[in-house]
Each structure stands twice: as C-alpha cells, then as structure tokens.
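Enquirer: Predicted model and sequence follow; I will ask about them next.
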Amino acid sequence: MNHSLNSEQQRFLLGLARTAIRHHLQTGKTYDIEIEDNNLKEKKGAFVTLKENDTLRGCIGYPLPYKELYKTVIEAAIAAATQDFRFMPLTIEELPEIKIEISVLSIPKPITDISEIQVGKHGIIVSKGLNKGLLLPQVPVEWNWNLETYLRHGCLKAGLDEDEWKKGANIEIFSAQVFSE
C-alpha cells in the first residue's frame, strides 16, 4: 500500500511533531497518543527536519518502516530536537521559531546503475561495510547539486571517500512525500 497522505493527515502529523517536541522539552517524556486513522498507523520510515530561519536545526529519522508512522514521527521529532549531534538540543524558547518538515519514505531499493537516480525525486542511501549515509530527496535541490555532487555528499555523509560511489559502495534509492508547516 502506498497511499499518499492527504492535507488533513499532513497537518495532523506536523501538529503531532510539534506537540511531541513541546511535551518532551517540558516533561522529559515521550508524548503518547492513540489514533484511529489507519493510514497513519501503517508502518513507514520517516524523517523530521527542523529549521530555524531556513537553516537546518536538526534532522533525524528512520529509513525503514519498523513502526507505525505516527509513532515514528513522534520519536523522530523528539530526536531531531534533542539528539542530533550536530546541534545543541532545542530549548522551549526556540520552539516558536522552528519550522517542522516531515518526509515520509518509500521502502529503499538497491540500484544497479546511477542513471536510475532522479535528482529531486529520489533520496539516496550510500553504504559500504558498517558505514551508511542517507540524504533526503529535497537536499540536492536545496543545494542545487547535480547527480555526481549528490553522490559525493552521500559518500561523505556515510563517512566514506567522496568517490566511493564509483568503487563499489552500495546505493539504494527511495522517494518521499515531503510536507512542512
């Protein structure tokens, strides 16, 4: 099943992400909610990206569908706010300045040729050995990268040499439904 989320479901998840972050910053606990919507209970991978004045402030998620989507959004939102090692944890004072973006992912699939990658449509996961790096489909568009630059950054994100994509690194692609506040 690959249902796109409608605007009501998107709004609900964005609100849920914000509520989960606020709840966690105030109480230190994970927000808990029961929902009825079966689409949001489907297991899906998702990422939550936080931006402050259009600048990245946190981004964490789960590429694979191991949890119900709404629970993945709650966990990823809290993690993006408090556990992204690139940034100081978010403070409750900052929250009003933060814009939340959610990316709901399709199942990653391996590719055999880089010509299968459509920049702007596909996210990539580059891996070799224990190293793995993921870039969401909107990233190369925001930075105006071509395919080669995108692949180089995927390698760097994985902690590999930037030309490792030419030397046998595994590349998987996925698409994402991306929406923000």
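Expert: That came through, no problem. Everything numeric in this text was worked out from a predicted model, so none of it was measured. Numbering: from 1, shown residues only.
Enquirer: what's the longest strand in this structure?
Expert: Longest strand in the chain, counting residues (DSSP state E): strand 170-180.
Enquirer: and G45, how many neighbours does it have?
Expert: Residues lying near G45 (other CB atoms under 10 Å) number 24. Heads up, the C-betas are built off the backbone N, CA and C, glycines and all.
Enquirer: circling back to that earlier point, put the alpha carbons of the longest strand of the chain into CSV.
Expert: Only the C-alpha atoms of strand 170-180 are listed here, as CSV (Å, rounded to 0.1, in the frame of the first residue of the first chain):
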residue,chain,number,x,y,z
ASN,A,170,26.0,0.2,-2.3
ILE,A,171,23.4,2.7,-3.4
GLU,A,172,19.8,2.5,-2.6
ILE,A,173,17.1,4.9,-3.6
PHE,A,174,13.7,5.9,-2.1
SER,A,175,11.1,8.5,-2.7
ALA,A,176,9.5,10.7,-0.1
GLN,A,177,6.3,12.6,0.4
VAL,A,178,7.6,15.9,1.9
PHE,A,179,5.5,18.5,3.7
SER,A,180,6.1,21.3,6.1
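Enquirer: tell me which residues in that strand are buried?
Expert: I171, E172, I173, F174, S175, A176, Q177, V178, F179 (16 or more other CB atoms under 10 Å).
Enquirer: cool, stretch 133-146 as well?
Expert: G133, L134, L135, L136, P137, Q138, V139, P140, W145.
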